[in-house]
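*Asks:* Quick one, structure for this:
(chains A and B)
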Amino acid sequence: MGRRECRVREFFESPPPREVISLRDVWVRLGGHVVLQDITFSVKEGSFLGIIGPNGAGKSTLLRAILGLMRPERGEIRVLGMDPRELKGELHHIGYIPQQVLFDPLFPVSVYDVVMMGRICCIGLLRFPGRSDRKAVLESIDAVGLRGLERRPIGELSGGQQKRAFLARALCLETRVLLLDEPTAGLDLEAQESLLRLIATLREEKGLTVVLVSHDLSVLSRYADELVCIRKTMHLHGRPTEVLGSERLKEVYRCEFDFLSGGGADQAGGRSGGGAGKGTREEGRDGERSLI
Amino acid sequence: MFEYSFMVRALIGGIAMALVCGPLSFFVVVKRLAFAGMGISHAAFGGVALGLALGIDPLATAAGFCCLVALGIWFTSRRGRLHEDAVIGMLFVTAMAVGLMVIRWADVYNVDLMAYLFGSLLGLDGADLALILGLGAFSLLYLILFFKELLFIAFDEETARASGIPVDFIYAGFLVILALVIVVSIKLVGVILVSALLVFPCAVGLQWSRNYRGVVAVSQLAGMVSVSVGLYLSYRLDVSSGASIVLVLFAVFLLSLLVSPGRRHAIAFLRGGTRKGGDGGAG
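*Replies:* Sure, this is the predicted structure:
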């Protein structure tokens, strides 16, 4: 089909552990206001990073900056060893699910058509989908458990099934990194659990690096290796047990929590491999105590 | 009626337009650009008036006006602080005001103007037909080649952008195509009514199919039938072709609404048969 050859890059040839995403002193300005300042962290290959923070903390902006949809005012972002805005030819390694896909429920596309959209960056301009694209789309639909629904109009699916379809769309390439913006928003508890379990399973199977943004702490505590808590700047960074046990979290969210009940954090804490593994140390920043 | 060459030209041109307007109207409707289509077509009035006043081909000046408005809509929607509909609302009345001024000063109240406003069977000469066929083929080719990208952009622009699709470039191209198709359709349907061709075909298609392939195919078919019947009625009843085509399009839409499967779905839904009931809960 004359498919564009996927370039083998130096990044994947370098010895592990590799830093799939790294941010150094990143500042982002939006409409004249500083939305993010002084963000520094990295994500190692195969790890699951949760970005938490209250509404309006700049979480989605951070994800958009990592995707190259937004230019940081200061600092450096590296994704797969490159500037995200220069990733053009390598975007088939990155799967993204935006916060809300505001589509018309009557939009006349099937689940299959939606997942095929994920292949477009690999098919290339002025080309049409080939056999390998069709195969990859069906495999991806299978992997998220939507087999049999591929011909259904996307608007007819439940919220949870739609999220799975978008997950399939993000995974139907040679995806190595999965960026998810509030994937559980608007789902009931059962659907949330089911979706996160699926993401965790797929991560294991495919060796994915997952970055998941959420304001819901209880959900992330059980699945993430590491948490970064932001509100404009980074307030906490560490394993879920450390972050969620920190007094500072209440200040960031400006309220009290009881999210550790259920013991999920222990489970996450025991699975600490692959993370940035900086451990936890306290350090003064702007006259405040932070865990960085 | 086929003994008249103007009728044959009108039919060929009309069917070519309907073929292009199938996929074009699909994107206009799903991307909610109906008002943009109306704005661009009304802006053509300023161009036509200017062309008539200056004694140059009114379609050339109309193309200039329409492309300017299309790109103005594109530019402000990307960079400005205004929503597209506000920009369209300002640009097209400005273009029409320019048209009215020019008409007054250049004193070009003549029959030509009525033909440009409401379309005319006699309007299409050989050169116009060649223009419709050439630009129609070009537009259709653009829509076919970029269909998958346009579909992605219409469905989920944010992810399309994140996937590295040149969203701005493809969308600007689409708006220019929209402007050019509007311009070449003016002679048959007229400035005022041309936007009907950008909405009705897809509105009919959506009644008959729940997948874009079916919607586009039905849109093209509905467009071709309506344009042909409309031109015939224009010939028989001696009315402006724009008016007859639009009325036939409306009749086809109404008929589809009454007898199509989409209608049956709607009736079932209203009676309490929840089609979506079986899907809920999983996730």
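*Asks:* make it CA atoms for all contacts and neighbour counts henceforth
*Replies:* Fine.
*Asks:* Please work out the average pLDDT along stretch B:210-219.
*Replies:* For stretch B:210-219, the mean pLDDT works out to 96.
*Asks:* go on, stretch A:166-182?
*Replies:* 92.
*Asks:* close to chain B, is it?
*Replies:* No - counting by C-alpha under 8 Å from any C-alpha of the partner chain, chain B is not contacted by stretch A:166-182; separation bottoms out at 9.5 Å.
*Asks:* Quick one: residues in contact with that stretch.
*Replies:* Defining contact as C-alpha atoms under 8 Å, 6 or more residues apart in numbering or on different chains, one finds that stretch A:166-182 is touched by A:20, A:60, A:63, A:92-99, A:114-119, A:122, A:136-137, A:139-141, A:143-144, A:206-215.
*Asks:* distance between the ends of it?
*Replies:* This stretch, stretch A:166-182, spans 13 Å end to end (C-alpha to C-alpha, to the nearest Å).
*Asks:* Please work out which residue of the stretch 101-250 of chain A is closest to chain B.
*Replies:* residue A:160 (3.6 Å; C-alpha to the nearest C-alpha).
*Asks:* Next up, phi/psi of that residue, please.
*Replies:* Residue A:160 has phi and psi values of phi -60, psi -40 when expressed as degrees, to the nearest 10.
*Asks:* how about the helices of the chain, start to end?
*Replies:* Unless you meant another one, I'm taking chain A. With DSSP state H as the criterion, chain A has helices at A:10-13, A:59-66, A:111-117, A:120-123, A:131-143, A:159-171, A:189-206, A:217-221, A:240-244, A:248-253, A:264-269.
*Asks:* let's do chain B instead
*Replies:* B:5-30, B:34-54, B:58-79, B:84-106, B:111-118, B:126-145, B:147-155, B:157-162, B:167-189, B:200-208, B:212-237, B:241-259, B:261-270.
*Asks:* Give the residue spans of the stretch 1-150 of chain A that score low on pLDDT.
*Replies:* A:1-9 (pLDDT under 70).
*Asks:* repeat that with 90
*Replies:* Counting by pLDDT under 90, the ranges of the stretch 1-150 of chain A that qualify are A:1-19, A:30-32, A:53-57, A:68-70, A:80-93, A:98-106, A:121-127.
*Asks:* before we move on, what about the stretch 101-250 of chain B?
*Replies:* By pLDDT under 90, the weakly predicted segments of the stretch 101-250 of chain B are B:103-125, B:158, B:162-164, B:187-188, B:192-193, B:195.
*Asks:* residues from it in reach of chain A?
*Replies:* Looking at chain A, the residues of the stretch 101-250 of chain B close enough under C-alpha under 8 Å from any C-alpha are B:145-146, B:148-149, B:152, B:155-156, B:158-159, B:161-165, B:206, B:209-212, B:215.
*Asks:* Show the contacting residues for the residue nearest the centre of chain B.
*Replies:* By C-alpha atoms, centre = their mean, chain B has its centre lying nearest to residue B:198, at 2.8 Å. Going by C-alpha under 8 Å, 6+ apart, residue B:198 touches B:21, B:24-25, B:28-29, B:34, B:37.
*Asks:* Closest one of those residues to chain A?
*Replies:* Within the contacts of residue B:198, the smallest distance to chain A is 10.0 Å, found for residue B:29 (C-alpha to the nearest C-alpha).
*Asks:* If we ignore the residues flanking it in sequence, what's nearest the closest one?
*Replies:* What sits nearest to residue B:29 in space, not counting adjacent residues and going by C-alpha to C-alpha, 6 or more residues apart in numbering or on different chains, is residue B:199, at 6.2 Å.
*Asks:* I'd guessed that neighbour sits against residue B:30; true?
*Replies:* No - in this structure, residue B:199 is not within contact of residue B:30 by C-alpha atoms under 8 Å, at 10.0 Å.
*Asks:* which one of those two has more residues nearby?
*Replies:* residue B:199 (27 against 20; other C-alpha atoms under 10 Å in any protein chain shown).
*Asks:* separation between the more buried one and residue A:19?
*Replies:* Between residue B:199 and residue A:19 the distance is 50 Å, computed by C-alpha to C-alpha.
*Asks:* What of residue B:36?
*Replies:* As for residue B:36, its distance to residue A:19 is 46 Å (criterion: C-alpha to C-alpha).
*Asks:* Same check on residue A:179?
*Replies:* Distance of residue A:179 to residue A:19, computed by C-alpha to C-alpha: 15 Å.
*Asks:* and if you look at residue A:77?
*Replies:* Separation of residue A:77 from residue A:19 (C-alpha to C-alpha) stands at 12 Å.
*Asks:* Look at the two and report which has more neighbours.
*Replies:* For residue A:77 versus residue A:19, the count of surrounding residues by other C-alpha under 10 Å is larger for residue A:77: 26 against 21.
*Asks:* didn't that one look like it was pressed against residue A:23?
*Replies:* Yes - with contact defined as C-alpha under 8 Å, residue A:77 counts as touching residue A:23 (4.6 Å).
*Asks:* Return the distance of stretch A:112-119 from the chain's centre.
*Replies:* 19 Å (C-alpha atoms, centre = their mean, to the nearest Å).
*Asks:* er, stretch B:179-191 I mean
*Replies:* 8 Å.
*Asks:* Now the buried members of the contacts of residue B:198.
*Replies:* B:21, B:24-25, B:28-29, B:34, B:37 (16 or more other C-alpha atoms under 10 Å in any protein chain shown).
*Asks:* Quick check: beta-bridge partners of the residue positioned nearest the centre of chain A?
*Replies:* In chain A, the centroid-proximal residue (C-alpha atoms, centre = their mean) is residue A:179; its distance is 2.3 Å. Counting by DSSP bridges, residue A:179 forms beta bridges with residue A:96, residue A:211.
*Asks:* Would you mind measuring from it to residue A:97?
*Replies:* Going from residue A:179 to residue A:97 by C-alpha to C-alpha gives 6 Å.
*Asks:* Give me the number of neighbouring residues for the closest residue to chain A within the stretch 1-150 of chain B.
*Replies:* The nearest approach of the stretch 1-150 of chain B to chain A comes at residue B:145, 5.2 Å away (C-alpha to the nearest C-alpha). Residue B:145: 15 surrounding residues under other C-alpha under 10 Å.
*Asks:* Same question for residue B:237.
*Replies:* 11.
*Asks:* what sits up against stretch B:114-121?
*Replies:* Here stretch B:114-121 makes contact (C-alpha under 8 Å, 6+ apart) with B:6-7, B:10, B:45, B:48, B:123, B:186-193, B:231, B:234-235, B:240-243.
*Asks:* Kindly recompute the last result at 7 Å.
*Replies:* B:7, B:10, B:186-193, B:240-243 (C-alpha atoms under 7 Å, 6 or more residues apart in numbering or on different chains).
*Asks:* Then stretch A:99-111?
*Replies:* Taking contacts as C-alpha under 7 Å, 6+ apart, the residues outside stretch A:99-111 that touch it are A:150-155, A:165, A:181-183, B:30, B:155-156, B:210-212.
*Asks:* Quick one: buried ones out of the residues you listed?
*Replies:* Judged by 16+ other C-alpha under 10 Å, buried ones among those: A:150, A:152-155, A:165, A:181-183, B:30, B:155-156, B:210-212.
*Asks:* Which of those sits closest to residue A:41?
*Replies:* residue A:181 (17.8 Å; C-alpha to C-alpha).
*Asks:* ok, now how distant is the closest one from residue B:245?
*Replies:* When distance is defined by C-alpha to C-alpha, residue A:181 is 48 Å away from residue B:245.
*Asks:* what does residue B:207 give?
*Replies:* Applying C-alpha to C-alpha to residue B:207 and residue B:245 gives a distance of 20 Å.
*Asks:* between these two, who's got more neighbours?
*Replies:* Per other C-alpha under 10 Å, whichever of residue B:207 and residue B:245 has more neighbours is residue B:245, with 30 against 21.
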